[in-house]
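Asker: this one's sequence-less:
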């Protein structure tokens, strides 16, 4: 490989990494806003109404998030040029797999085992691990800061056992861990990838 080809390959890898960061911003925003809205809607229905099915917002938000994730993933795969996978690609993919399995296990087993008192704080601990690893791998400090916010909110939740407070804590945690970093990732994409 000559010098010109090597430089071209490096430039392509940089462009691919920037596009990957932009995609990650989309997923952080989608899931952040869905969890934020579901948590606040659940809190409102629980605290201010007599509606028996106060957790219904989760039944709407989670399927919507899954559908949006699959549609966007399909679109991204269809419109992405085949390229060699980098070490960052592999680590991020494995981090998301570990996060997804952990979330699935917590969401499936804790309610079945009557562990509601620790449910939301445990979700925040899992969010924090994912945010910390993703932020460290991408060298994006807002995600790492979001991880610290989630750990703090989880610690408060473990100590302050109140379902309504837990809903407010998880809304606060995803605001700082998903929505704000996702917005910053999108702005960074606009600045560096699109040059606007």
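Answerer: Noted; the coordinates are in hand. These numbers come from a predicted model, not from an experiment.
Asker: pLDDT weak spots in the chain?
Answerer: Applying pLDDT under 70 to the chain flags the ranges 1-24, 80-86, 114, 189, 192-196.
Asker: what's the helix or strand for the residue nearest the centre of it?
Answerer: In the chain, the centroid-proximal residue (CA atoms, centre = their mean) is residue 28; its distance is 4.3 Å. Element membership of residue 28, judged by DSSP states H and E, is helix 3-48.
Asker: Name the next helix or strand downstream of that helix, please.
Answerer: By DSSP H and E, the next helix or strand past helix 3-48 is helix 56-78.
Asker: what sits up against that following helix?
Answerer: Contact partners of helix 56-78, identified using CB atoms under 8 Å, 6 or more residues apart in numbering, comprise 23, 26-27, 30-31, 34-35, 37-39, 41-42, 45. Heads up, the C-betas are built off the backbone N, CA and C, glycines and all.
Asker: let's go with 7 Å and repeat that
Answerer: 23, 26, 27, 30, 31, 34, 35, 37, 38, 41, 42 (CB atoms under 7 Å, 6 or more residues apart in numbering).
Asker: Which residues are in contact with the second one?
Answerer: Contact partners of residue 26, counting by CB under 7 Å, 6+ apart, are residue 72.
Asker: so how far is residue 51 from it?
Answerer: Distance of residue 26 to residue 51, computed by CB to CB, to the nearest Å: 32 Å.
Asker: tally of neighbours for residue 89?
Answerer: By the criterion of other CB atoms under 10 Å, residue 89 has 14 neighbours.
Asker: quick one: buried residues of the host helix or strand of it?
Answerer: Using DSSP H and E, residue 89 maps to helix 87-112. For helix 87-112, a neighbour-count test (16 or more other CB atoms under 10 Å) marks 88, 92, 95, 99, 102, 106, 107, 110 as buried.
Asker: ok, how many other residues are close to residue 140?
Answerer: 20.
Asker: Can you list phi and psi of it for me?
Answerer: phi -120, psi 100 (degrees, to the nearest 10).
Asker: what sits against it?
Answerer: With CB under 7 Å, 6+ apart, residue 140 has these contacts: residue 181.
Asker: again, only using 8 Å
Answerer: 21, 134, 181, 184, 185.
Asker: My read is that the last one contacts residue 28, right?
Answerer: Yes - under the criterion of CB atoms under 8 Å, residue 185 makes contact with residue 28 at 6.6 Å.
Asker: what helix or strand does the residue nearest to residue 181 when sequence neighbours are not counted sit in?
Answerer: Excluding the flanking residues, the one nearest residue 181 by CB to CB, 6 or more residues apart in numbering is residue 142, at 4.0 Å. Per DSSP H and E, residue 142 falls inside helix 141-159.
Asker: Thanks again, I'm all set now.
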